[in-house]
Each structure stands twice: as C-alpha cells, then as structure tokens.
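Undergrad: Turn this into a structure:
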Amino acid sequence: MKKILALTLAVVFTLMLMASCADKTPTPTAAPGNSDAPAATATPAPGKTDAPTTPTDEPTPEGPFPVDERGIATEPYNYPLPITTSEDVITYWWSTYSPQYLPTDKDYQDTELPMEVRNRTGINVEYVNVPTQSRVEDFGVRLASDDLCDIMSYATAYYPGNPSQMVEDGYFANILEHAEWMPNYLYQATYKDPTDKDTHESVFYTEDLVPVAWMLWSSSIVYDSGWCVRQDFLDKVGMTADEIVTWDDLEETLKLIKTSIDSVEFPMWMNSMIEINNYWQFNSFDNISVVTTIALPPIFHKDGKVMMGCTTEGDKALVTKFNEFFNAGLINADWQSYAFGMGFTQHTYNNETFYQSLGAAQIIDTKRLTSDPDCNWVAAQKPLITPDQVIHAGTIRSRTATGNAGFATKNNNLELAMKWVDYRYSPEGWELFNYGPEGLLSEIGDDGVRRNTEWALSSPNGINLGGLMSVYTIGQLVEPGMISTDRALLNPDAAIARGASETWTSWLKVHYDAAGALPIGVRLDTEQSQTVASLRADMITYIAESFSGFISGTAPLSEWDNYINTLNQMGLQEILDIYQDAYDTYMARQG
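TA: The predicted structure is shown next:
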C-alpha cells in the first residue's frame, strides 16, 4: 500500500514539478581536452592484503572492527583492498553543476578518479549522468516505474516525501540496518565527536533510522564562501572594505563604484537563487530569502513562532531594498539567468563586477585569471541595519554539507553499493576522493607536506583549480563522502583564502546567534510530510516567479499582500501550522 501511495505521489510530483524546473543552469560549453594532464596511475592501498575479500550473502556476526551494542563502528576502518573480485556492476545516479569542465572524449566513469577507485576497490560502477536541469523529471519517472539506480545521489531533494518515507515506502534502505557495511560513515556521525549533536541529528533522522549518506566536512565548521569586494576599486575612491558595514554603506558604495569605475556597469552581481543555503548573506531583516525551483524556502522561527522564508515582512523589506538597487542599475540586469555565480565568471574576469559571492579558494583563481594584474578581491561583511546588530534568523550548520545519496532497496548488490560509498569515509578513501589521484591536482612532497601540482595551478586548457576539482575530486553539492576545506588551499596563495574564511567566520561569531534557527531535530511525521508534499509543488513555482519579480519590478511591490493571500490559499498557513506542531513537539521533548 505504501508503494502504491508513493507511486501516486511520484507521478503527481513529476507532473507538477516538471514545469517548475526551467533550466537556469548556464549553457555548458565544450569541455577543453585534458591532454596535458599527467597520467594517473593506480597507487598501492595501505593495508592491502593478498587475499581479496568477496561479499557474502549474509553479514558476518563478528566484523573486523570494534562496534557498540547497535553495531556502529567505534573507530575508523581501512578496508583490505580490493573490496571485491565480483563482476557485479553498481549503477550510480549522478550529476555535476560544472558540466562544462567534463572531458568530451570519454565518459566520466573513464576519467582518472573513477578509474583509480575501481582499481583500488575492484567495484565496477556505471555512472548514470543526468543533467541537473533534468534531475527532477528523471527521478520522478524512475520512481514511478520503480526503476531507481542502485545509488541515487541527492535523493532527499527529489523524493516526494520526507527521508523517513523514503524508507517506509520501501524504495530506499535504512543504512542503520546494514551498519556492518557502512562502518566509517556511522562512526563519523556518532563517535568522531560525541558532543556534535547537530551532525548526529542530521544523519540519524530518528535514532533507529539513517535514510541517506550525507556529504560531511572532515573537521569543525568554517565558512568558506561569502560575498567579496574589489579592494583595488575601493582604493581608487579612497575606501576600504571594512567601511561597508550597513545597508546604507553598501548602497552608497555601489553607487560610487558605478560612477567611478568605467568597466563596471552593474557593481553588484547575483544569481537567481539570491542566497546560498547555510551561507546567508542578506538575512538582517529577520528573513531568509532563497529561491529554488525544487524546494520550499527554509523554515525558521521568531520567538517560537514558525515562519517560512520569502513570505515574511523581513522578506518584503529585502525585496524592497533590492528593487531599489535594481532600478538604480546596481544589480546585473540578467541576474535571473544564472543558477550560480560560476555562470558569470567571464564578467568577473573582465573587471565588470565589484560585489559578488565567491568561495574562499575561488578568490585565488579569480585574482590570477582576471585581466587586471592589480585585481584584489577581499572578503566583505554581511550588510546590517545597524552596526551593532545581532542577526537571529538563519539555520544551524552541522558537519553535513549539501550532497547525499540513498540506496535503492531494488539493488543489484546492496552490500557492494554501501561499501563503495563507505570507502569515501574511510581514512584512505577519504584522502583519494578529497584530493584526487596522487600527483594530479596535488601530491605529497619529500617533506611530507601535500601541495597542489604545478599542472593544477597552471589553469590547463583555461580551467581553474575549482573547475579541475569538479572533475578530479568528489562533488560537494550532490555526492556523498567527506571533504576538507584545505583541498584547494595547498598552494602559496592559500593564506588569502584562509584569511577570507577567518573574516567570515569571525564576523558571524559576533553578529549571528542562531536564535531563530529551526533545530535540526524538528521532524515531520509521515502524515505531515504527505500533506506538505501535496501542497508544495505549485507553491514552489509561484514563490520563485513572484519573489524574483518583486526584485526586477515585473511584480509590483504593491502586490505583496496579494502574493501572501494567494500563498495562504495554496496552503501556506497549513504548512506553517504543521511545522509549528513539529517544533512545539520537539521543544517539549527537550524539557
């Protein structure tokens, strides 16, 4: 019965969301060849034994690693390699937000990283590469036909229900029931730092359910992305980045740059999402304003009252401010054309942008590849209403990143699929996926220090280090595994990126207290999730179109009340009531 219900939801979900997922991804360009790349060779695996292990049908009661009473590994485990000599092939539903960097002369699974993983583990994997703009439709069709791949990346974003339903409906496996096949992942979420409640609650949907494998940061959280300014432009008008503190400061500076720097027509450049999840830049109005075509805006609260992003008076204040910026020509006129900032990189390199979002490591590449040798991007602080403001609205960041993967119950070989993913969290496998095959993007020198290779830093075929990482290392945004903030900082310019991260992280400690963040442990039950799923599809589309329209002026701000009324007619208040009940239930449990 549950599968029938899920199939029905999947069909409805697919039909309703196909229209909402218009392609806003930058048009891929032909990927440059990689003929200049050094050849990758299979490196011997630490701890490799002469006798390969072959998966068995039944898990052995006594494994090779210590476990607790639930079977969760209490320490990291390095697999004897190869993991298998089986000829079984695992299918992996996968995509990348940087398709323009993929080689055109071979399939991704035949590139250096997948080949090295296959050489080490012995596991054969078929990568089913689905363009990001097609993933919602493709997932819905596969779910409706009960034809999921063995491993489905980013499954939580596309399933028409909550992560609990993914398992309850019979489509995805509960990882906790197969703890012996994923020792490293469960160790990371449980024993690496037993005091890290947020990461544990992110991984364990309930204490007896782990529905997906999340991408995890290898260490404590730092903010490695934020908004930046061209300090060399500020030098020309006698200013420093530290002087841009409030919204008024930002507006005055944007106007000054627009009139003073000839190459800058639009000083502030942003993309269609406005914000990046968990890297909130414009939330000082007690708002969270992020627009996507696959999910509702985030839920947060104010003094215990649950709210949804893009629907509050604070959100209205933000779009009013941005509409003023847009009308004054301070924001790039085509901002809705870009799904991510990487889409307008060439404008950045051509000295056309002054204020935009960059990853800490991107700052290094951007300085090197911009046509102006004096280019000097520096981290900027978030705009505040008053200089001493402490922001409450936001979300809680754990060690979990965006990417994840679920394991289909209709699996060619569930044990192999889980071990292939768990290898990414093992001490040896994490290093391979995080840094790439040895000698390609980085290598360990005679002094034991890992550094980026000269080839990687030379921007071969015009591809910067960030682009190379999207091909030769793990994909942070969609995949499961584990990553480190230092993987792009293994070069002489690393201090620049670290300084930017320190600026953003230190600022947050002073000006953000997360008092309005919804606790990670707030969960919807199955009935609540089904109700939200039945209401959200049309609402997602309507919010994306209307909220963006308020900024660009295609939807007049005088229509804000009608916008909210329409959302309430579509079920907004019902959704808020559901989350309010879940929040109140969670808080009651906390005593």
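Undergrad: how far is stretch 294-314 from where the chain is centred?
TA: Its chain's average C-alpha position is 20 Å from that of stretch 294-314, according to Cα atoms, centre = their mean, to the nearest Å.
Undergrad: Check which residues of it are buried.
TA: Residues 294, 296-301, 306-312, 314 are the ones in stretch 294-314 that count as buried (16 or more other Cβ atoms under 10 Å). Glycine gets a C-beta too; all of them are placed from N, C-alpha and C.
Undergrad: Stretch 219-234 now?
TA: Quick answer for stretch 219-234 (16+ other Cβ under 10 Å): 221, 223-234.
Undergrad: Closest one to V210 out of the residues you listed, please.
TA: Nearest to V210, judged by Cβ to Cβ, of the buried residues of stretch 219-234 is I221 at 21.0 Å.
Undergrad: ok, T554 - how many residues close by?
TA: Counted with other Cβ atoms under 10 Å, the neighbours of T554 add up to 11.
Undergrad: Same question for H178.
TA: For H178, the neighbour count with other Cβ under 10 Å is 20.
Undergrad: likewise T195?
TA: For T195, the number of neighbouring residues by other Cβ under 10 Å comes to 7.
Undergrad: and if you look at the one 3 residues further on?
TA: The criterion is other Cβ under 10 Å. On that basis, D198 has 17 neighbouring residues.
Undergrad: For the strand or helix carrying it, buried residues please.
TA: Using DSSP states H and E, D198 sits within helix 197-203. Across helix 197-203, burial judged by 16+ other Cβ under 10 Å covers 198-203.
Undergrad: next helix or strand past that helix?
TA: strand 213-217.
Undergrad: From W280, how far off is T386?
TA: Between T386 and W280 the computed distance is 18 Å (Cβ to Cβ, to the nearest Å).
Undergrad: returning to what we had before: just checking, what packs against the helix holding D198?
TA: helix 183-190, strand 213-217, strand 400-407 (3 or more Cβ pairs under 8 Å, 6 or more residues apart in numbering; DSSP states H and E).
Undergrad: Turn the ones you listed into JSON lines, including mean pLDDT and mean neighbour count.
TA: Putting the helices and strands packed on helix 197-203 into JSON lines (pLDDT from 0 to 100; neighbours: other Cβ atoms under 10 Å) gives the following:
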{"stretch": "helix 183-190", "mean pLDDT": "97", "mean neighbour count": "26"}
{"stretch": "strand 213-217", "mean pLDDT": "95", "mean neighbour count": "25"}
{"stretch": "strand 400-407", "mean pLDDT": "92", "mean neighbour count": "24"}
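Undergrad: Now render these as a markdown table, adding distance to D365.
TA: Below are these laid out as a markdown table (distance: least, Cβ to Cβ, whole Å):
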| stretch | distance to D365 |
| --- | --- |
| helix 183-190 | 30 |
| strand 213-217 | 21 |
| strand 400-407 | 21 |
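Undergrad: Ok, which of the ones you listed comes nearest P267?
TA: Among the helices and strands packed on helix 197-203, the nearest to P267 by Cβ to Cβ is strand 400-407 (28.8 Å).
Undergrad: Tabulate the CA atom coordinates of the closest one in PDB.
TA: Only the C-alpha atoms of strand 400-407 are listed here, as PDB (Å, rounded to 0.1, in the frame of the first residue of the first chain):
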ATOM      1  CA  THR A 400      26.800  17.800   6.900                       C
ATOM      2  CA  ALA A 401      27.100  19.600   3.500                       C
ATOM      3  CA  THR A 402      24.600  19.500   0.600                       C
ATOM      4  CA  GLY A 403      25.300  16.300  -1.200                       C
ATOM      5  CA  ASN A 404      23.900  12.900  -0.100                       C
ATOM      6  CA  ALA A 405      22.900   9.500  -1.600                       C
ATOM      7  CA  GLY A 406      20.200   6.900  -0.800                       C
ATOM      8  CA  PHE A 407      20.400   3.200  -1.600                       C
END
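Undergrad: Show residues contacting the following helix or strand past that strand.
TA: The helix or strand immediately downstream of strand 400-407 is helix 414-422, counting by DSSP H and E. With Cβ atoms under 8 Å, 6 or more residues apart in numbering as the test, helix 414-422 has contacts from 55-56, 59, 79, 83-84, 86, 88, 90, 117, 121, 123, 125, 150-151, 173, 175, 178, 181-185, 213, 405, 407, 411, 429, 480-481.
Undergrad: what ranges do the strands span in the stretch 251-400 of the chain?
TA: 299-302, 305-308, 355-359, 377-379, 400-407 (DSSP state E, counting those that start in this stretch).
Undergrad: Tell me which of these sits nearest to A393.
TA: strand 299-302 (5.4 Å).
Undergrad: Just want to know which of T386 and W280 has more residues nearby.
TA: It is W280, of T386 and W280, that has more neighbours when counted by other Cβ under 10 Å, with 23 against 11.
Undergrad: Find the residue closest to the more buried one in space, skipping its chain neighbours.
TA: Distances taken as Cβ to Cβ, 6 or more residues apart in numbering put G394 closest to W280, at 5.3 Å, once the chain neighbours are dropped.
Undergrad: Equivalent analysis for P297, please.
TA: Spatial nearest neighbour of P297, excluding adjacent residues (Cβ to Cβ, 6+ apart): G309 at 3.1 Å.
Undergrad: That neighbour contacts T292, correct?
TA: No: G309 is beyond contact range of T292, at 10.4 Å (criterion: Cβ atoms under 8 Å).
Undergrad: Tell me how many other residues crowd N124.
TA: A total of 15 residues lie near N124 under the criterion other Cβ under 10 Å.
Undergrad: And the strands of the stretch 251-400 of the chain: which comes nearest F139?
TA: Checking the strands of the stretch 251-400 of the chain against F139 by Cβ to Cβ gives strand 400-407 as the closest, at 10.8 Å.
Undergrad: Show me what L216 is bridged to.
TA: On the basis of DSSP bridges, L216 is bridged to T400, M482.
Undergrad: do the same with Y355
TA: Under DSSP bridges, the beta-bridge partners of Y355 are V229, M268.
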